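Trainee: Dropping a prediction and its sequence here:
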Amino acid sequence: MATSQLLQLAQQIQDLTSKIVSDLSAHQIPEPNFTPSSTEIPETPETAHLRASLNDAATDLLRLVNGPRNDARNRICTLYDIVAWQAACEFGFFDAVPEDGGASISEIAVRANVDEERVGRFIRILATDRIFEEKEPGRFWHTARSVVFLRDRQIRDAVHYQVDEYFQAAAQTATSVKQTPDGFTLEKNPFVASHGAPLFQYYKQNPTLAARFASAMAGIGRMERQFDDLKDSYAWATLPKGKLIDIGGGNGHYAIALARTYPNLEITVQDSLEMMAAASLQDLSDLSGRVSFMQHNFFTAQPIACASAYLLRQVTHNWSDEDCIRIFRGIVPALEKSAPGTPLLVNDVVLPRAGEVGLYHERRLRQIDIMMMVALGAGQRSEGQFGELLRRADERLKIVGIHGTGNLSLMEVHLVRE
Ligand SMILES: C[S@@+](CC[C@H](N)C(=O)[O-])C[C@H]1O[C@@H](n2cnc3c(N)ncnc32)[C@H](O)[C@@H]1O
């Protein structure tokens with residue numbers, strides 16, 4: 001066993017990498033590489049766990065070897081990596097390079113409608129992160145790390161909305177903290193300081209950006225294994241007859257995926273008029289009407305009673321405690337009219353206690369917590385905080401189970417009647 005901490009970390013990296021390689025080999029899956037034809041390591045709970053441990057070990061090794069000053073220099077300059085991402089998304093660099101065969105800076109500049117000088121600078125910093133490769137001077141090819149954004153619009157949108165409206169908002173954070181000594185709210189937060197309106201109102205005013213946001217939500221879900229986690233974390237196939245109501249379901253991408261996986265499910269997706277417009281662009285002909293859409297404001301009483309279940313996916317983290325209480329209360333009358341034990345399923349991050357999970361995993365959860373603070377003056381919550389909000393909404397609302405193994409948990413809440 002290695003005696004130095006650096007060698008111990010290197011040994012952990014060796015052991016974890018050997019496990020990954022042997023698992024790939026056992027399943028006859030090729031190792032990933034940087035070429036566009038490379039496949040990714042499949043997303044399973046086991047690979048997610050190995051990856052998190054490897055990230056913890058490799059990042060600690062780099063932190064120690066780089067040292068605090070060198071590491072700080074690298075970190076503060078990631079801001080300029082984001083600037084290059086912003087240009088690449090905004091001006092379509094990913095589409096400007098064909099999948100087979102490269103493109104010169106001048107060709108990319110024409111397609112992107114940006115001058116060659118700036119295109120070259122932006123694309124060269126991306127290439128230092130293996131996003132594009134300059135195989136010949138002035139000529140770039142896709143890599144595995146760039147071609148994904150050419151092939152997958154939703155994944156690109158997931159990057160684009162972050163480096164655009166969210167990045168602008170994030171820059172206002174410290175200023176906004178000084179202006180709000182009592183804390184952030186939906187009306188007073190960095191996003192509002194930057195864009196002049198709360199997030200969902202801003203999207204109401206900008207339908208194109210609203211459609212990009214809906215597409216980004218689907219993309220983010222597929223950047224992790226969120227659908228698989230949702231699919232596997234509840235016995236959807238055994239839900240009794242009746243509608244599953246996906247409250248704040250966006251353009252219905254999760255409802256559609258669930259309905260395609262579970263032929264027993266009939267789902268109504270509720271959201272704003274703008275999201276209904278984005279939803280109507282999708283081809284649902286294979287679902288025989290099992291997914292329907294209705295406009296509904298979740299701050300008003302739930303209009304569908306006697307459902308098989310109610311789902312709130314990635315909704316609560318957008319709202320303050322008081323607003324979450326209003327959302328929960330809106331569902332209570334419908335739960336009262338539904339069969340006893342009808343679940344309210346809250347699918348969101350449940351923050352871990354200190355030391356409960358590795359730093360890599362906790363950091364990813366806390367990044368979203370800060371994102372919610374910046375964008376909505378809201379945040380993620382622990383199990384205790386959720387329990388307290390539910391109790392304040394209605395004493396009878398109780399968490400009866402917490403399911404799932406991924407970043408998001410599925411809390412099963414019942415209206416417990418004596
Ligand atoms: C973070 S997104 C989550 C969407 C979807 N559930 C998912 O998991 O991808 C939050 C959703 O809440 C919707 N929303 C915001 N305010 C709402 C309201 N008052 N009534 C209904 N939906 C609302 C937004 O339009 C958005 O689609």
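Mentor: Structure received. Numbering: from 1, shown residues only.
Trainee: Who are the contact partners of the residue nearest the centre of the chain?
Mentor: Nearest residue to the geometric centre of the chain (CA atoms, centre = their mean): I220, 3.7 Å. The contact partners of I220, taken as CB atoms under 8 Å, 6 or more residues apart in numbering, are 158, 226. (Glycine included, C-beta is placed from N, CA and C.)
Trainee: so for the helix or strand containing it, what's the average pLDDT?
Mentor: Element membership for I220 (DSSP states H and E) is helix 207-223. Helix 207-223 shows a mean pLDDT of 90.
Trainee: so how far is stretch 350-357 off the chain centroid?
Mentor: 19 Å (CA atoms, centre = their mean, to the nearest Å).
Trainee: no, scratch that, I was asking about stretch 110-127
Mentor: Using CA atoms, centre = their mean, the offset of stretch 110-127 from its chain centre is 28 Å.
Trainee: Verify the stated contact: A211 with A278.
Mentor: Yes. A211 is within contact range of A278, at 4.7 Å (criterion: CB atoms under 8 Å).
Trainee: Of the two, which one has the most company?
Mentor: More neighbours surround A278 than the other of A211 and A278, with 21 against 18 (other CB atoms under 10 Å).
Trainee: before we move on, which element is the more buried one in?
Mentor: Following DSSP H and E, one finds A278 within helix 273-279.
Trainee: which helices and strands sit right next to the next helix or strand after that helix?
Mentor: The helix or strand immediately downstream of helix 273-279 is strand 291-295, counting by DSSP H and E. Under the contact criterion of 3 or more CB pairs under 8 Å, 6 or more residues apart in numbering; DSSP states H and E, strand 291-295 touches helix 253-261, strand 266-271, helix 273-279.
Trainee: what do you get if the cut-off is 10 Å, keeping everything else the same?
Mentor: If you count contacts as 3 or more CB pairs under 10 Å, 6 or more residues apart in numbering; DSSP states H and E, strand 291-295 packs onto strand 243-247, helix 253-261, strand 266-271, helix 273-279.
Trainee: Export the ones you listed as a markdown table, with columns for distance to D229.
Mentor: As requested, the helices and strands packed on strand 291-295 are exported to a markdown table (distance: least, CB to CB, whole Å):
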| stretch | distance to D229 |
| --- | --- |
| strand 243-247 | 16 |
| helix 253-261 | 11 |
| strand 266-271 | 18 |
| helix 273-279 | 23 |
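Trainee: Quick one: these as CSV, columns for mean pLDDT and distance to the ligand too.
Mentor: Output for the helices and strands packed on strand 291-295, formatted as CSV (pLDDT from 0 to 100; distance: least, CB to the nearest ligand atom, whole Å):
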stretch, mean pLDDT, distance to the ligand
strand 243-247, 97, 7
helix 253-261, 94, 5
strand 266-271, 96, 5
helix 273-279, 82, 5
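Trainee: and of those, who's closest to L344?
Mentor: In terms of CB to CB, the element of those nearest to L344 is strand 243-247, at 9.2 Å.
Trainee: Tell me the strands beside the closest one, with direction?
Mentor: strand 266-271 (parallel), strand 309-313 (parallel) (DSSP bridges).
Trainee: now these in a markdown table, with mean neighbour count?
Mentor: A markdown table is the format used below for the strands paired with strand 243-247 (neighbours: other CB atoms under 10 Å):
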| stretch | mean neighbour count |
| --- | --- |
| strand 266-271 | 23 |
| strand 309-313 | 23 |
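Trainee: Could I get those strands in TSV, plus columns for distance to N251?
Mentor: Listed next are those as TSV, based on distance: least, CB to CB, whole Å:
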stretch	distance to N251
strand 266-271	8
strand 309-313	12
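Trainee: Next secondary structure after the longest helix that the chain contains?
Mentor: Taking DSSP state H as the criterion, the chain has its longest helix at helix 45-76. Sequence-wise, the next helix or strand downstream of helix 45-76 (DSSP H and E) is helix 78-90.
Trainee: Next, the contact list for L365, please.
Mentor: Shown in contact with L365 (CB atoms under 10 Å, 6 or more residues apart in numbering): 349-352, 357, 380, 407-408.
Trainee: How about D246?
Mentor: Contact analysis of D246 by CB under 10 Å, 6+ apart lists 252, 254-256, 258-259, 267-271, 291, 293, 309-313, 315, 345, 347.
Trainee: who's it bridged to?
Mentor: Per DSSP bridges, the residues bridged to D246 are V269, L311.
Trainee: re earlier: output the helix holding I220 as PDB, nothing but the C-alphas.
Mentor: Extracted in PDB, the C-alpha atoms of helix 207-223 (Å, rounded to 0.1, in the frame of the first residue of the first chain):
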ATOM      1  CA  PRO A 207     -41.600  32.500 -26.200                       C
ATOM      2  CA  THR A 208     -38.400  31.500 -28.200                       C
ATOM      3  CA  LEU A 209     -36.400  31.400 -25.000                       C
ATOM      4  CA  ALA A 210     -39.300  29.500 -23.300                       C
ATOM      5  CA  ALA A 211     -39.100  26.800 -25.900                       C
ATOM      6  CA  ARG A 212     -35.300  26.600 -25.500                       C
ATOM      7  CA  PHE A 213     -35.800  26.300 -21.700                       C
ATOM      8  CA  ALA A 214     -38.200  23.400 -22.200                       C
ATOM      9  CA  SER A 215     -35.800  21.700 -24.500                       C
ATOM     10  CA  ALA A 216     -33.000  22.300 -22.100                       C
ATOM     11  CA  MET A 217     -34.900  20.700 -19.300                       C
ATOM     12  CA  ALA A 218     -35.200  17.500 -21.400                       C
ATOM     13  CA  GLY A 219     -31.500  17.800 -22.300                       C
ATOM     14  CA  ILE A 220     -30.400  18.200 -18.600                       C
ATOM     15  CA  GLY A 221     -32.500  15.100 -17.800                       C
ATOM     16  CA  ARG A 222     -30.500  13.100 -20.300                       C
ATOM     17  CA  MET A 223     -27.100  14.600 -19.200                       C
END
